[in-house]
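*Asks:* Just a sequence and a predicted model for now, questions to come.
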Amino acid sequence: MMIANHDTIILCLYMITSTLYADLRKHHLPAPLSLREPADFHDPIPISERLIQAIWANQIFDTSHLQTRNGKLLRIIHPGRWNGEGGPDFTDAFIEMDGREIRGDVEIHVHSTGWNDHRHDLNPAYNHVLLDVCLWDYGPTPRLVTHEGHPVPQLVLHPLLQCSMDELAESLDPDRYPFSPNRMLGRPSPLLRLPPADMADYVESAGRFRFEQKCAGITVQISAHGADQAAYQLLARALGYKHNKHAFSELAQTVTHSNLSRLRTTDEKIEILLQHAHQRPLRCSQVRPANHPHRRLAALALLTECHPSPARWFQDMTCDTKILRRVPAIHHPYWSRHYRLDGKCLAKPVAILGPSRWMEIITNVILPFCAATSGGNTDLIMEFYKRLPAASPNRASRQIAHELGLPRPRRTIDQQGLIQMFQDFELLLPDTTLR
């Protein structure tokens, strides 16, 4: 597949590849913090404490019949407030242990040895920790105590997870969560040791690395499910936004592209998606009204109705970049004037799909999908990707750009590179300091 661009494309003689950042990442990522699951398709998934914190904050594990490693019955009433500064990871948690309700702090680690490795028993800031949560069990149950000598029960999450670490690492966005404005102080990072003159090259290389990782994942999805199902599932995920993309992805696996295609009308498609959506815990609070999940599912049904083969639709759009940049005009007599199923009628129609979401779909779905199905001929796709203007700034790219002394990114590839650096950032910091 080739992009017949209407704009003049100048191929640079000096090509920045993903290898520059990949080598930096490979050199500094500690091997114990990587995981390769069965049928994985790319580099080992980096597992950081931040990812485990996100899993805990969202309670994305089986919370029924919980037990600590020493056999105490556990019920989580509230996981606590995420602490972006020094001290325990979560404060003001509310749990029930062996029938007794208690409040205190929760500390998160990758391994069961983390509490003692970090010497939290010597730090009075951790005296109110009532639970240590770790991803993996490393051998016999360790003896965990606070500075005051009180025992700290431990919960291991990995046996409780209901989806793969691959899915969790992909679906949880670090930029939605709190971060400390002073997290770099006293914690040397290889990113800070890069020559300032080379920083822009590393950022672009990280953007290419991120793009190639997406392509690798899509290649496996296509191999497992076929091109149209993979494209449909990716589209559903993107329409789920950061709060519901995992739930939308699961929904697309239940109500498949083939299932939807057999229905004759758009309303039938919308109805079946909404029926199955009610069986899932969709996030509706703190979501902009126009982004309500009911409306996003209607958008999925409308796009599927207009384009019966989403894979072919993606490929056709990349043959003309003017069409690709144009937001699809989708309309519906109900959903153009309503935000949710039982909502009030709006005074005037509101676009079902806006330009910012469409830019995200281009960046995270269409371009990597077409690169994955291009037979290796990705030069022109990457050139278009390099010239694509940055989307609305997010917290992750703003934070890491500030920390590295970089200006606000103007290109999507740089913004994506900064997001990749942000996601890797905790891994690139030595995790041996007292927090």
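*Replies:* It's in.

*Asks:* I'd say Arg81 and Thr91 touch.
*Replies:* Yes: between Arg81 and Thr91 there is a contact under C-beta atoms under 8 Å: 5.3 Å. (Each C-beta comes from the backbone N, C-alpha and C, glycine too.)

*Asks:* who's more crowded, the two?
*Replies:* Higher neighbour count among Arg81 and Thr91: Thr91, with 17 against 14, using other C-beta atoms under 10 Å.

*Asks:* Show me the strands in the stretch 151-300 of the chain, by range?
*Replies:* 154-156 (DSSP state E, counting those that start in this stretch).

*Asks:* For it, give me the ranges with low pLDDT.
*Replies:* Counting by pLDDT under 70, the stretch 151-300 of the chain shows low-confidence ranges at 166, 170-188, 286.

*Asks:* just so I have it, where are all the helices in it?
*Replies:* Under the criterion DSSP state H, counting those that start in this stretch, helices of the stretch 151-300 of the chain are mapped to 165-171, 199-225, 227-239, 241-254, 257-261, 266-277, 293-306.

*Asks:* Show me how this structure divides into domains.
*Replies:* The chain breaks down into these domains under automatic domain parsing: 1-47+201-435, 61-162.

*Asks:* residue contacts, Val287?
*Replies:* Tyr241, His243, Pro293 (C-beta atoms under 8 Å, 6 or more residues apart in numbering).

*Asks:* Which of those residues ranks first by neighbour count?
*Replies:* That'd be Pro293 among these, by other C-beta under 10 Å, with 24 neighbours.

*Asks:* Could you give the number of residues near Asp137?
*Replies:* 17.

*Asks:* Same question for Pro140.
*Replies:* 8.

*Asks:* Secondary structure element holding it?
*Replies:* Using DSSP states H and E, Pro140 maps to neither a helix nor a strand.

*Asks:* go on, Glu107?
*Replies:* Glu107 is part of strand 100-111, with elements assigned from DSSP H and E.

*Asks:* tell me which of the contacts of Val287 is nearest to Glu305?
*Replies:* Distance to Glu305 across the contacts of Val287 (C-beta to C-beta) is lowest for Pro293, with 18.7 Å.

*Asks:* That closest one and Arg283: what is the separation?
*Replies:* Separation of Pro293 from Arg283 (C-beta to C-beta, to the nearest Å) stands at 7 Å.

*Asks:* what's the overlap in contacts for these two?
*Replies:* Here Pro293 and Arg283 have Asn244, Ala247 as joint contacts, going by C-beta under 8 Å, 6+ apart.

*Asks:* Give the burial count for the nearest residue to Tyr339 once chain neighbours are set aside, as a bare number.
*Replies:* Excluding the flanking residues, the one nearest Tyr339 by C-beta to C-beta, 6 or more residues apart in numbering is Pro289, at 4.3 Å. For Pro289, the neighbour count with other C-beta under 10 Å is 13.
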